[in-house]
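Novice: build me a model from this:
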Amino acid sequence: MSFNSFVLFVLFVSGGRRGLWVALMFGARWSGPVAEEAGNVSTAVQRLRHLRLAAVNIDGVLLNDTFSPVIRQMVVERGGEYTAEVEYALLSQSQLVAARVFAQAAGVSLSPRQVVDAYLEERERYLVRHPVRVVEGAAQLLARLRGLGLRIVCYGGLDRAHFDRHLGGFAEFFDGPRYVCTDGFRPGIREIVQDVFRLPCDRVLVVDDVARVAEEACRLGVPFIGCPGDFEHGHQRALMEEAGVRHLVRSLREIDGQLLRTVDAEAAAGTFWGDTRPPGAAASGSEGAVRAGR
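Specialist: Residues are numbered from 1 along each chain as shown. Presented below is the predicted three-dimensional model:
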């Protein structure tokens, strides 16, 4: 059996019908750069030793960011300044909390509900020109995570209908509830790890584009890969660097087998965050999971 045929077989077995879809979709191009992403045959089929779950953010990671540009436009048009501090305070917050921050930053006397309604109307207009799309490399990343033996869950601040509409065709890649709406408990990492999947914190990899989530992952001792978007006015990459994020990528293709194995080894050794975690950080690892289960 040729290398190409073997990899397609692995995708089919590991992903079921979704694996077959990916195999058919990308099989013709499973050579050159794509083959290099998957690595050699042993990398494609050997499970990670420590990590058990990947929690992958929806908007800004698997889907393009259709939020930051709208938020900035609304702040600036109303006379506010879109600084790193403002962006930090707005992103990965519940809608009503973000609305209060927006009203203060823009200097407007609107209720949080009015701000949310105005934002949703503006975003609908933005989507006419910039529709939601699956980010390049998303399907390959999901197949790679599955091929390395990880369960996968998607999460974000919008309701389940958003996931079903834009990622429903990829649903069989995901486990458990498949999608967790975190609007009621931002940023939601602890709830996903401990309440939904009941895993030790160091056994879950989080992939997100927002620094606030990285800080929460650090506090909990959860392995994290930062994938800040390319929004020209965005501040998330700089904020993640300030937060001590060690693994930052510019595209999903960079989350390859080698990086995932590095993260796996660091998580297993308990060295992922090094000395970055602040004093009094929440318990992680097996000990933390025991307490969480009580």
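Novice: this structure: helices as residue ranges?
Specialist: Remark: helices assigned in the chain by DSSP state H are 3-26, 33-38, 41-45, 68-77, 84-90, 95-106, 112-129, 138-147, 160-167, 189-190, 211-220, 236-243, 257-269, 285-293.
Novice: now that L259 has come up, it's in contact with I225, right?
Specialist: Yes - assessed by Cβ atoms under 8 Å, L259 is found in contact with I225 at 7.3 Å. C-beta coordinates here come from the backbone N, C-alpha and C atoms, glycine included.
Novice: which residues do these two both contact?
Specialist: Residues touching both L259 and I225 (Cβ atoms under 8 Å, 6 or more residues apart in numbering): H247, V249.
Novice: if you count surrounding residues, which of the two has more?
Specialist: Taking neighbours as other Cβ atoms under 10 Å, L259 and I225 compare with I225 leading, 24 against 13.
Novice: okay, and the beta partners of that one?
Specialist: Per DSSP bridges, the residues bridged to I225 are V207.
Novice: per-residue pLDDT, it?
Specialist: Looking at I225, its pLDDT reads 98.
Novice: any weak-confidence spans in the stretch 1-150 of the chain?
Specialist: Flagging of the stretch 1-150 of the chain using pLDDT under 70 yields the residue ranges 1-45.
Novice: got the contact list for the spatially most central residue of the chain?
Specialist: Taking Cα atoms, centre = their mean, the centroid of the chain lies closest to N57, which sits 2.7 Å from it. Contact partners of N57, counting by Cβ under 8 Å, 6+ apart, are C154, Y155, G156, V206, V207, D208, D209, V210, V213.
Novice: partners of the second one in the sheet?
Specialist: The reference is to Y155. Applying DSSP bridges, one finds that Y155 bridges with N57, V180.
Novice: just checking, it touches C181?
Specialist: Yes - Y155 is in contact with C181 according to Cβ under 8 Å; the separation is 7.5 Å.
Novice: counting neighbours, go ahead and name the busier of the two.
Specialist: Neighbours of Y155 and C181, each counted by other Cβ under 10 Å, are more numerous for Y155; the result is 25 against 18.
Novice: distance check, the more buried one against R261.
Specialist: Look at Y155 and R261: by Cβ to Cβ, to the nearest Å, they are 24 Å apart.
Novice: what stretches of the stretch 151-294 of the chain score poorly on pLDDT?
Specialist: Scanning the stretch 151-294 of the chain for pLDDT under 70 picks out 277-294.
Novice: 90 - rerun?
Specialist: 230, 232, 234, 274-294 (pLDDT under 90).
Novice: about what we covered before: report the two of the contacts of N57 separated the most.
Specialist: Across the contacts of N57, the longest distance by Cβ to Cβ is 14.9 Å; it joins C154 and V210.
Novice: so between the two, which is more surrounded?
Specialist: Neighbour count, other Cβ under 10 Å: between C154 and V210, V210 has more, with 30 against 24.
Novice: how close does the more buried one get to E216?
Specialist: Taking Cβ to Cβ, one finds V210 at 10 Å from E216.
Novice: ok, F272 next?
Specialist: To E216, F272 is 14 Å away according to Cβ to Cβ.
Novice: neighbour count: those two, which is higher?
Specialist: F272 (25 against 21).
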